[in-house]
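[1] sequence first, predicted coordinates after that:
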Amino acid sequence: MDNKTGRAAREGSTATIKLVPAVAIPGYLTGEIQSKLAYVDESISRAEVSTGEIILHVSLLEPVTAGQPAVLTSERQLELEEKVQRVVVSMAKGAFAPKVQVLEDHLDRPVYYQLDPMQELFARGEISQEATGIYTLGPLLARLIAYFESQFLSLAESFGAAPYRFPTLIPARYLERVSYFHAFPHSLSFVTHLREDLDVIDQFAQQAACDDHGLDTPANSFASVQALLSPAVCYHLYFALADKPLPGGQFVATAVGNCFRYEAINLTSLERLWNFTMREIIFVGPKDFVLENRETARQHMTAVFEKLGLAYRVESANDPFFVGEFRKQAAFQSAFQLKYEIRASLPFKESTLAVGSYNYHQDFFGRNLAISLPDGSPAHTGCVAFGLERIAFAFLAQFGFDPANWPSDFRESVR
Ligand code: AMP
Ligand code: ZN
């Protein structure tokens, strides 16, 4: 099947579409655009993006008459291509390369393992997958995470951080107030419950069943969404401090919590989870207080990672804003050096994975949530955030499963 923008070929119950991007995709945007194609259409099961070509793997889910092969109609193909080009144009047109700033580079440290740890983790019964992006972790991973937690807690301790516990749910109103719906609509996870109606509840109790798509319950059985699963930890602190003067004028807190980001077909292995855990150390106060503490935290972690022998680098980054917001917001973050990521080496794929980030939000939360400093100006905020599953995964990807290769300090505490 040929047309002027793309070609589609049947492959069992999937088709591939190859198309030429409407705007040339610069190398630094290929990964970012590829991850956004996951949200373009439910029928896209895989996307490969390079500068001059996009390859889409499309499931042919259309109802088929018995005996007739599933086909990708030209209307449907055009529709998919148009949606993909919309993403490309929105993200790539007029984009300029961010100046990547590398604060530390220790990627040349020796590593002891070359395989994907997932196979060994499954073979040992260390992980089991409940569903896409949802895993249970066994004793090795739990101990590894406890070890890293002890390091993060001593970082928190070095600032005298106040410990907090935050809920897993976050009110929709809260996320609205900090424009989260606008910036990250694609990765939200909504929470609801059955409407308080005896008939609805009785009917559910009698009839609820799961099919291949999930619960088959009619949508009107559910109440409207008042809460979502929380996408980050530090937001809860900012809301707790909202609409009043900041006591003492400056503040450091720490908390660990479940976080949720729905990442569609990008949810693969422990690298990218729907449900993951984050430890944050959070700074609230004047600009210099936040920036200096963020830098002190980075230096503290440099020593921790050096002792461990982790291969990683720290470089400037941006948050995964959705299509319409991406270009502007990513450029803003880059220009003001708002985000740095700790990217650990994954030898098995010759690539790196963000295991943590050093963030500065300027006075965004202070302004939007009316957190005021003693002089009446809005507070500045920043946070240091570590992904616990990811740091354990990156450690195993570099050091493997043989304790003989593990750093001694670490071997002592993990066994
Ligand atoms: P961020 O606030 O996006 O910088 O996230 C902080 C850290 O959380 C990242 O550096 C990752 O280690 C971790 N993280 C973010 N998203 C995911 C995810 N989908 N799965 C697992 N870990 C994640
Ligand atoms: Zn944070």
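    Okay, I see it. Note that the structure is predicted; figures quoted are calculated from it, not measured. Ligands and ions are numbered 1, 2, ... in the order given.
[2] domain parsing of this structure, as residue ranges.
    For the chain, the structural domains run 6-92, 102-168+231-414, 190-221, going by automatic domain parsing.
[3] lowest-confidence stretch among the ones you listed?
    Summarising mean pLDDT across the domains of the chain, the least confident stretch is domain 6-92, with a mean of 85.
[4] measure stretch 133-142 end to end?
    Using Cα to Cα, to the nearest Å, the end-to-end distance of stretch 133-142 comes to 18 Å.
[5] can it be found next to ligand 1?
    No. Using Cβ under 6 Å from any ligand atom, no contact is recorded between stretch 133-142 and ligand 1, whose separation bottoms out at 7.4 Å. C-beta here means a position set from N, CA and C on the backbone, and glycine is covered the same way.
[6] shouldn't residue 368 be in contact with residue 180?
    No. Taking Cβ atoms under 8 Å as the contact criterion, residue 368 and residue 180 are not neighbours in contact, 10.6 Å apart.
[7] more neighbours: those two, which one.
    Taking other Cβ atoms under 10 Å, residue 368 and residue 180 do not tie; residue 180 has more neighbours (19 against 15).
[8] check what pLDDT the more buried one gets.
    Looking at residue 180, its pLDDT is 95.
[9] out of everything not next to it in sequence, what's closest to it?
    Nearest-residue entry for residue 180: residue 231, 7.2 Å, with adjacent residues in sequence omitted and distances by Cβ to Cβ, 6 or more residues apart in numbering.
[10] which residues sit in contact with that neighbour?
    Taking Cβ atoms under 8 Å, 6 or more residues apart in numbering as the contact definition, residue 231 lies against 170, 175, 180, 184, 187-189, 259-261.
[11] tell me the phi and psi of it?
    For residue 231, the backbone dihedrals are phi -90, psi -10 (criterion: degrees, to the nearest 10).
[12] now do the helices in the stretch 301-415 of the chain.
    Assigned by DSSP state H, counting those that start in this stretch, the stretch 301-415 of the chain shows helices spanning 323-335, 364-368, 388-399, 408-414.
[13] of the ones you listed, flag the one that's most buried.
    For the helices of the stretch 301-415 of the chain, the largest average neighbour count (mean count of other Cβ atoms under 10 Å) is found in helix 388-399, namely a mean of 24.
[14] need the contact partners of that helix.
    With Cβ under 8 Å, 6+ apart, helix 388-399 has contacts from 111-113, 116-117, 120-121, 135, 137, 141, 144-145, 148-149, 256, 269-271, 273, 276-279, 308, 310-312, 344-348, 353-356, 405-407.
[15] which of those residues count as buried?
    Neighbour counting by 16 or more other Cβ atoms under 10 Å classes 111, 113, 116-117, 120-121, 135, 137, 141, 144-145, 148-149, 256, 269-271, 273, 276-279, 308, 310-312, 344-348, 353-356, 406 among the contacts of helix 388-399 as buried.
[16] just the closest residue of the protein to ligand 1, please.
    When distances are taken as Cβ to the nearest ligand atom, the chain reaches nearest to ligand 1 at residue 387, 2.2 Å away.
[17] that residue contacts residue 354, doesn't it?
    Yes. Because the distance of 7.3 Å satisfies Cβ under 8 Å, residue 387 is recorded as touching residue 354.
[18] what separates the residue nearest to residue 180 from residue 88, distance-wise?
    26 Å (Cβ to Cβ, to the nearest Å).
[19] could you work out the end-to-end span of stretch 107-124 for me?
    Using Cα to Cα, the span of stretch 107-124 from its first residue to its last is 29 Å.
[20] what of stretch 51-71?
    28 Å.
[21] show me where the stretch 51-200 of the chain has its strands.
    Listed in chain order, the strands of the stretch 51-200 of the chain (DSSP state E, counting those that start in this stretch) span 54-59, 102-105, 127-131, 134-137, 162-163, 169-171, 190-191.
[22] contacts for the second one?
    When contacts are taken as Cβ under 8 Å, 6+ apart, the neighbours of strand 102-105 outside the stretch itself are 298, 302, 312-316, 340.
[23] how about that strand, which residues are buried there?
    Counting neighbours by 16+ other Cβ under 10 Å, one finds that the buried residues in strand 102-105 are residue 104.
[24] name every strand pairing with that strand and say which way it goes.
    Paired with strand 102-105 in the same sheet, following DSSP bridges, are strand 312-316 (antiparallel).
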